[in-house]
Structures are given as C-alpha cells and as structure tokens.
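>>> I would like to see how this sequence folds:
(one chain, ligands or ions: 1)
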Amino acid sequence: MHFLIIGGSDAGIAAGLRAHELDPGCEITLILADDFPNYSICGLPFYLSGETPDWHSLAHRTEFPGIEILSSHTAETIDASQKTVQVRRAQALEWQLVENSQRVDVHPYEEAQGFQRLLDMPGYDVATLVEKSGKSPAHVYARLSLLQLIPSIAEAFSAERITASHANLLARLPQDVQANAYEQCWRKDWQDKEPHLLPAKHLAAWIQTNLYLSLAEAPFDKEDTTLNPVAGACVTCPRRSGFNTTLFADVQGDQCLDAPCFHTKVNAHIDREIAARPELVQIEDGWRKPTEKRPDAVQRGHFREIDTTTENPDAEPVMPCAAAKAALVVYGKRVGTTLTVCTDNNCPVHDPRAAARVAEHPAPVMEPAPEAETDEQAEERRQQYEAQRKAHEQEEDRRAEERRQQFEREQEEIEAENAKLDKLRKKRESTFERIIADTPPVFTAPQLRIILRALVNLDPYTFADDLAEDIADENDKRSAEEVLLSAIEGTIDDKLTSFAARLALAGHRGIPRESEFDFLTEAEAAFLTPKAPKKSSTSKKKEPTPIKPAKAGAKKTKAKTNPAPIAA
Ligand SMILES: Cc1cc2nc3c(=O)[nH]c(=O)nc-3n(C[C@H](O)[C@H](O)[C@H](O)COP(=O)(O)OP(=O)(O)OC[C@H]3O[C@@H](n4cnc5c(N)ncnc54)[C@H](O)[C@@H]3O)c2cc1C
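Got it, this is the predicted structure:
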C-alpha cells in the first residue's frame, strides 16, 4: 500500500503517523506547498509578539518515521481515477527563474510564463520576483503583461513573427481590440508577395490615435460611477495607463484603454445634457451614415463656431448675433463638449460674404431728431426713413433674386459640364472595349509600340489592383497578382494579345489631363480601323463582342505626361 498525503501540517502529519502506526510496512509520501512540515501555526502569535524570537523554533519537527516528506511541492491537479497528482516544485521554478535571468536567449514569452508560475504559488509577489531575478519592476510588469496576449498573437510572438516591441504594445490593449491592432502591424505593397512587418513605431502611432483616449479631455465627470455602472468611475478603473505607471511609463498623460466604455460614458453624458437642456443645438462634427445620426442633429457646414471667451471666465457668454445658440457636439471631433454656434448661413455678422454685402449696401438709419422738432416734422422724418427702408428692402430682394438666378445658371453649367464628361468617359470605355475585342492574335509593330509605351507609363501602385478589380468577382479573396496570373494562365493563345492590351491600356481609360498624353486615342488609331460612313438608316453596324462588359463609373486617369518619342 502506498499513501500519498497532500498537506503537511496538523492534519497531514497526523494522517501519516496514524497510517504508519496501523501498517508500519506501508509507503507514505507527504507533499506540502510550504517549506517546512508540521509548521506551528499556533506558535505564530508568539513569534510576532517576540516571545519566540527565532522562527526556526516554530518548525519543531522536520522528520517522521516511515514518511517521505516532499516540501515546497504544490499539488496542481488530482486525477482520482488514474491515481495521479501533478505537482509543481517551487524551488525548481525559482532556480529556473534565476537561470533565465542569466540567459540572453530566453524568449520574453517563456520568461513571462516562468514569472507567472511562481506568482501562482503561495508566498510570491512581484517584489519577490524582482528580488530573486535581479530584474527591474518595469521589466517584470512588461513581461507579465505579455500573458494578456490573445492566443493567436502569443503564438505569432513565440514564433518570432513579431518583435517584443510589437508584443508589448499589443499586450497592453484590451483583448477584444488586439486582433484589429495586430492587423495594423502588417502592410502589403504592390511588389510584396506576402505582407511585411512594419516597425513598432507605426503600431504605437496607430494605437495612440485610435485606441488611447485622453482622460484629461474626456467631456464627462471621471468620478461619476453612474455613467457606466458596470465599469464604475474612471479614477478607480484599472483599464487606464495611469493605473500602472510602471507598465505605461512611455504613455503621456492618463489614457483610457477601454474605448467601448469611454464611448458609453460619452453617450450617457450627451443624453443627460440634452435631457437637462433641450434647447441645445446638437452638432454632428463628422460624417456618418444618415441612419446612425441623431435625428435632431445639425451637420457640418450648417453652423459656425463662435468664440465667446472673455477675459472674465465667470461671465455669461455674450451672444454676438441673433442666430447664436449654445450647442453640444454629439458626434465627431470634441464629442460631448459644449460650444456657441451661429446657425444662420447668411448671418450678417458671421458669414463673411453676407457681412461684405451689408457693408457695401448698408441699411438706412433714421435721421436723429433735431433739438426742436414739431410733430409734423417728426412724422415727415419717420416717413422718409420708412420710404428709404422699403426701397432698401426691395433692392436687397432684387439682389438676392439676382444671386439666386446666378447660382442656378452656375449649377446648370456645372451639370452640363458633368454630362459632357460623363459622355466622354462612356465613349472612352467603349473605345477601350472595342480595342480589346479587336486585338489581333499578333501585334503589328505600331500596335506593339503603343502597348509598350502605355505599359511603361502605367501607375505601378494601382494598376494591378485596378485591373484585378475589373476581372475578378468582388468576393474574390485572392491578391491582385494572383488574380492576374491566373487570368493569364486561363487565357487562350489567340487572346493573349488582347489580355496584354487590357493590361497596358486599362489604366489609360480615364480622361487625361491637359498635360497628359492620351494613350487610348493613340491606341484607337493603331488598333481600330476607321468606321465606314453609314450607308442607309436600315444598314446595321456589327458591334464588337466585348470580352467583359465595362464597369460603370469613372476610372481615375493614370497616364503620366507625354513620354519622349521612341526611335523606330
Ligand atoms: C495564528 C493562529 C493561531 C492558532 N492557534 C491555535 C491554537 O492555539 N490551538 C489550536 O488548536 N488551533 C490553533 N490554530 C488553528 C490550527 O492552526 C489549525 O486548525 C490547523 O493548523 C489546521 O491544520 P490543517 O493540517 O488542517 O491545515 P493547515 O495547518 O492549514 O495546513 C495545510 C497544509 O496543506 C499544505 N497545502 C496547502 N495547499 C497545498 C497544495 N496545493 N499542495 C500541497 N500542499 C498544500 C500546506 O503547505 C500545509 O502544510 C491557530 C491558527 C492560526 C492561524
């Protein structure tokens, strides 16, 4: 019989001794997490009071007949069916910790796991780890924070696909945003087969802009526990950089690390402000879908912010025009803050054009009354003013009507110009598709020359993506290069020139700017035979069969300036 006893104090030792007494031949192993068995807990008050000055005397017996004692062993799991117990040896872990601190090749994640294993054991805290490893508290905290990485990122870090700098930045983020932040570590340029890792400073800048929210600039009360009752007040919240200044020594100011909670509080604050002051103009200072907008909010461009600051900070804000109102930003930059705005687009005070018009044609003012004036004279002065005011008003209406008509004319001109450009774009799309459809299986020398020149003048950054977009289905998950290579493989021999023409000319379909060379028109001359004049209204022109219908919408002009002519 072999007994395994867990626990080496009163109960454990008593059980071991009794087993040995009943069957002196049995094997007894006793494991205990403490460093000493049969430690006199009852004696602790005497040590603390000084009555027992040496704590060693509390561990009165360390050996027992027939009992094998394994101190500093912590039972982690017990499998009763298999009769196995998994133990962890604190001493061994400590040796490992000291050894790791001497090694230069230890992976930070491995080191972090070592720290954590010791922290899970009784009697260990960060101060102990600092003391035993000889590392700084900042180092120990930074390593321990690595254990907050989500498994996929921890795996990427262990496999050294990202550096310790990336991992440290990611580990400090809430787990639900880590995957998104990880995406920002990578970029795939047009010449890359696989995305490449960006320096950690890019990730740091992205986090600073997108995830860290300055508590100093928060519009709500940081001590208010009711804005988000689940999270409580910001001042006592651990999800901010100021809670652990050792770990966030590089982060400026106290930053909230929990964006969803921050936004919940901002919205609760806005709701409260609007409920308390329904007269506030609600401002959306940023673009979002109409369905997401607050129904009563005013968009950008429909208000002007007015600076009402005075030298006396306690003074009531002065409303400098009739349309000025107090407002609350409900979305966008400075969300949650209050401003003073003017909501009149033609405000004579705040619209510079309206102000200029008023200055040019000032409204008449009534002549001041002379010292002695009869009632008739006063009435005459009033009527004179009334007549001037009416004439001014009529003149203002006439000018306003003139401006309205001018605006309508300009709009019509813009629309006509847009229609013209649209027609030209469609014509160029159709020319492009006709060239592709008519491309012969073998290029003539002039055709090949224009194709090569168009290729040389492609925009290298966008052409692969643009062309792949033309060819592939929008749900296609392959890279642009993969799409193009597979299209080349799948094209029959006779159509390879057609594909080459598409490749070279797709980026030149847009309307070229004045300084740009028109490769499409040149290709049209080289590829398409001029149309025969129509013989009769009944004769039907044979339409070329397009390989693929042109996409709706304008293409960007990618052509560069006119290249130097190539000697034949
Ligand atoms: C300050 C103080 C004074 C006291 N004074 C008196 C007194 O005067 N008279 C009196 O009758 N009682 C006194 N008691 C109570 C008495 O100490 C306890 O009743 C007694 O120690 C209980 O013994 P135990 O073996 O059941 O548990 P514990 O003494 O708590 O021992 C638990 C054992 O299990 C081990 N262990 C725990 N987890 C693991 C693990 N995962 N793996 C391996 N080992 C593990 C520990 O290392 C330890 O050896 C006092 C208690 C205290 C705290």
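>>> Low-confidence stretches in the stretch 201-350 of the chain?
289, 308-319 (pLDDT under 70).
>>> Point out the residues in it that sit beside the ligand.
Applying CB under 6 Å from any ligand atom, one finds that the stretch 201-350 of the chain does not approach the ligand at all. Bear in mind the C-beta positions are built from the backbone N, C-alpha and C, glycine included.
>>> What are the buried residues along stretch 22-39?
Buried residues in stretch 22-39, counted by 16 or more other CB atoms under 10 Å: I28, T29, L30, I31, L32, A33, D34, F36, P37, N38, Y39.
>>> Among these, which lie within strands?
Counted as lying in strands by DSSP state E, out of the buried residues of stretch 22-39, are I28, T29, L30, I31.
>>> Next, find the distance separating the first one from the ligand.
The reference is to I28. Using CB to the nearest ligand atom, to the nearest Å, I28 is found at 15 Å from the ligand.
>>> Wait, that residue touches E68, no?
Yes. Judged on CB atoms under 8 Å, I28 makes contact with E68 at a distance of 6.7 Å.
>>> The ligand: which of the ones in strands among the buried residues of stretch 22-39 is nearest?
Closest to the ligand out of those is I31 (5.1 Å), distances taken as CB to the nearest ligand atom.
>>> who touches that closest one in this structure?
Residues near I31 by CB atoms under 8 Å, 6 or more residues apart in numbering: L4, I5, I6, G8, L70, H73, A75, V85, V87.
>>> Please tell me which one of the residues you listed counts the most neighbours.
G8 (25 neighbours; other CB atoms under 10 Å).
>>> What parts of the chain come near the ligand?
6-12, 31-34, 41-42, 44-45, 74-75.
>>> helices or strands next to the lengthiest strand in the chain in the packing?
Longest strand in the chain, counting residues (DSSP E): strand 324-332. Under the contact criterion of 3 or more CB pairs under 8 Å, 6 or more residues apart in numbering; DSSP states H and E, strand 324-332 touches helix 259-276, strand 281-285, strand 338-342.
>>> what's the pLDDT at the closest residue to the ligand within the stretch 351-500 of the chain?
Evaluated by CB to the nearest ligand atom, the stretch 351-500 of the chain has K477 as its residue closest to the ligand, separated by 49.9 Å. Here the pLDDT value assigned to K477 is 78.
>>> what about it, how many neighbours?
7.
>>> Kindly report the same for F432.
Neighbours of F432 (other CB under 10 Å): 22.
>>> so how far is E223 from it?
Noted for F432: a distance of 65 Å to E223, by CB to CB, to the nearest Å.
>>> go on, A90?
In terms of CB to CB, A90 sits 42 Å off from E223.
>>> Quick check: the gap between the residue nearest the centre of the chain and the ligand.
Residue closest to the average C-alpha location in the chain (CA atoms, centre = their mean): N210, at 4.6 Å. Going from N210 to the ligand by CB to the nearest ligand atom gives 44 Å.
>>> What is the longest helix along the chain packed up against?
The longest helix of the chain (DSSP state H) is helix 375-438. Counting contacts by 3+ CB pairs under 8 Å, 6+ apart, helix 375-438 is packed against helix 496-505, helix 519-527.
>>> so can I have TSV of those helices showing mean neighbour count and mean pLDDT?
Shown next, in TSV, are those (neighbours: other CB atoms under 10 Å; pLDDT from 0 to 100):
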stretch	mean neighbour count	mean pLDDT
helix 496-505	20	94
helix 519-527	19	94
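>>> All good on my end, thank you.
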